[in-house]
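Visitor: next one to model:
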Amino acid sequence: KAICDLYKDWADRSAKRCVDAGRPAPTVYVNGGDEYKRLLARDDIDAVIISTPWEEHARMAIDAMKAGKHAFVEVPACVTLEECWELVETSEATRRHCMMMENVNYGREELMVLNMCRMGLLGETLHGEAAYIHDLRGQMHEVQRGTGSWRTVHYTKRNGNLYPTHGFGPVCWYMNVNRGDRLDYLSSVSSNSRVRAEYAKRNFPPDHKWNRMKFVCGDISTTIVRTVMGKTIMVQWDEQLPRPYNRLNLIQGTKGVWGGFPSRLVLEGPAGSDEAGAHLLTKSADSWTQGADLNPFFERYDHPLWKKVAALPSNQGGHGGMDFVMLWRIIYCLRNGLPLDQDVYDAAAWTCISPLSEKSVANRGQSIDIPDFTRGQWASAKPVDLGT
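Guide: This next block holds a predicted model:
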């Protein structure tokens, strides 16, 4: 129906993609920072996707809900604890959905691990490890516009776990956070800040704005979270050091453990049977099963949602297919009047790790309580149901 962007060439590019896909040409809004409000004033739009700088997410989502639209916002949903509460309270008051679109929850591996957890193959889940480790220094060359033009500024103003949810969201699903358990408190520490300033000196003139700024965010942030049911989650963030991409995606249970990057598994005892009826076994409790040896497990425990949606002719992929599965699931839930898989309480709980980690870092790793955004509903809420 409509596209709004600060830059006309980007808006026109997006509009062309719609036309190339056989859809009617959308209306384009490009006349300034508040132009999106004209889009929100339309009565023929039910939902909006917000993919803007982090600091704009909460304001735009709140405006969308107040205008009667469902808000689907890129990660992170907001940057302050106050904004977390504003999202929750606005969604409740307007009765409009507010979903932070954590696409990684819909990856093939993450859905399979969720399926295995639901089936009890790992036993009682006790500990998870999540991360966003991704060398993004190259974004600093996007000086005038683009992600680097605003993301880089955050490293000069904040010190903590700035982007936790890609790894954290799936682990929260594995542990039924907000649905039988909830986050209780966290403690966070950061390393020194080194490589952003070094990169700026190597790649930009001495008088460039990046070299006039002081980078204060630690190169590595490590956060430990404990839930009220006694489970622990380690959340790590690093967007600048030279090492391979990693989300960790580890979930430890009393009967086994799954680890990601690379995918690997240990189970204590058989995990069922393959299509031929042979028992599925891992090597031993002190040796990973990985590589091609995992194929029977994927065949047996691939999530039904993944198997159904990944096979659709319209699947256009995106981050290994997870983007399409997420968008398909959003539309399915809206059309069928179902609760969204990720609600506003998840958006607040997963995102608040950032501002609370900043507070903990500023106080020598002091433990910080995590609010109950559900106001007690977590105790009776049912686990996420991805049935189709």
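Visitor: show me what contacts Lys214?
Guide: Taking Cβ atoms under 8 Å, 6 or more residues apart in numbering as the criterion, Lys214 is in contact with 156, 197. C-betas here are computed from N, CA, C, even on glycine.
Visitor: do Pro76 as well
Guide: When the contact criterion is Cβ under 8 Å, 6+ apart, the partners of Pro76 are 54, 57, 100, 163-165, 350-351, 354.
Visitor: cool, Glu74 as well?
Guide: 49-52, 57, 100-101.
Visitor: from those residues, list just the buried residues.
Guide: Among those, those that count as buried by neighbour count (16 or more other Cβ atoms under 10 Å) are 50, 52, 57, 100-101.
Visitor: looking at those residues, spot the one nearest Gln377.
Guide: For these, the closest approach to Gln377 (Cβ to Cβ) belongs to Met100, at 18.0 Å.
Visitor: rewinding a little: make TSV from the buried ones among the contacts of Glu74 and add pLDDT to it.
Guide: Formatted as TSV, the entries for these read as follows, by pLDDT from 0 to 100:
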residue	pLDDT
Ile50	98
Thr52	97
His57	99
Met100	99
Met101	99
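Visitor: return the subset of the residues you listed lying in helices.
Guide: His57 (DSSP state H).
Visitor: closest one to Thr125 out of the buried ones among the contacts of Glu74, please.
Guide: With Cβ to Cβ as the yardstick, the closest approach to Thr125 among the buried ones among the contacts of Glu74 comes from Met100, at 22.4 Å.
Visitor: for Gly259, give me its contacts.
Guide: Residues touching Gly259, when contacts are defined by Cβ under 8 Å, 6+ apart, comprise 248-250, 265, 288.
Visitor: rebuild those residues as CSV, extending it with pLDDT, secondary structure and neighbour count.
Guide: CSV is the format used below for the contacts of Gly259 (pLDDT from 0 to 100; DSSP: H, G, I helix; E, B strand; the rest coil; neighbours: other Cβ atoms under 10 Å):
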residue, pLDDT, secondary structure, neighbour count
Leu248, 99, coil, 20
Asn249, 99, coil, 24
Leu250, 99, strand, 22
Leu265, 97, strand, 22
Trp288, 95, coil, 17
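Visitor: of the residues you listed, which is the nearest to Val309?
Guide: Asn249 (20.2 Å).
Visitor: chain neighbours aside, what residue packs nearest to that closest one?
Guide: Gly260 (3.1 Å; Cβ to Cβ, 6 or more residues apart in numbering).
Visitor: and that neighbour, what are its phi and psi?
Guide: Gly260 adopts backbone torsions of phi -110, psi 170, taken as degrees, to the nearest 10.
Visitor: can you get me a residue count around it?
Guide: Residues contacting Gly260 under the criterion other Cβ atoms under 10 Å number 21.
Visitor: thinking it is in contact with Ile251, fair?
Guide: No: with contact defined as Cβ atoms under 8 Å, Gly260 does not reach Ile251; the gap is 9.2 Å.
Visitor: and the residue nearest to His154 when sequence neighbours are not counted, which of the three is it?
Guide: On the basis of Cβ to Cβ, 6+ apart, the spatially nearest residue to His154 that is not a chain neighbour turns out to be Leu162, at 6.0 Å. Three-state call for Leu162 (DSSP: H, G, I helix; E, B strand; the rest coil): coil.
Visitor: what's the neighbour count on Leu162?
Guide: Taking other Cβ under 10 Å as the definition, Leu162 ends up with a neighbour count of 23.
Visitor: one step back: of the contacts of Pro76, just the buried ones, ChimeraX syntax please.
Guide: With 16+ other Cβ under 10 Å as the criterion, this ChimeraX line picks the buried residues out of these:
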select :54,57,100,163,164,165,350,351,354
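Visitor: columns distance to Thr80 on top of the contacts of Pro76, output as TSV?
Guide: Output for those, formatted as TSV (distance: Cβ to Cβ, whole Å):
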residue	distance to Thr80
Trp54	10
His57	11
Met100	15
Tyr163	15
Pro164	15
Thr165	15
Trp350	14
Thr351	9
Ser354	9
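Visitor: let me know the closest of the contacts of Pro76 to Arg182.
Guide: Proximity to Arg182 was ranked across these by Cβ to Cβ; first place goes to Trp350, at 11.8 Å.
Visitor: in contact with the closest one, which residues?
Guide: Listed by Cβ under 8 Å, 6+ apart, the contact set of Trp350 reads 76-77, 100, 102, 164-165, 168-169, 172.
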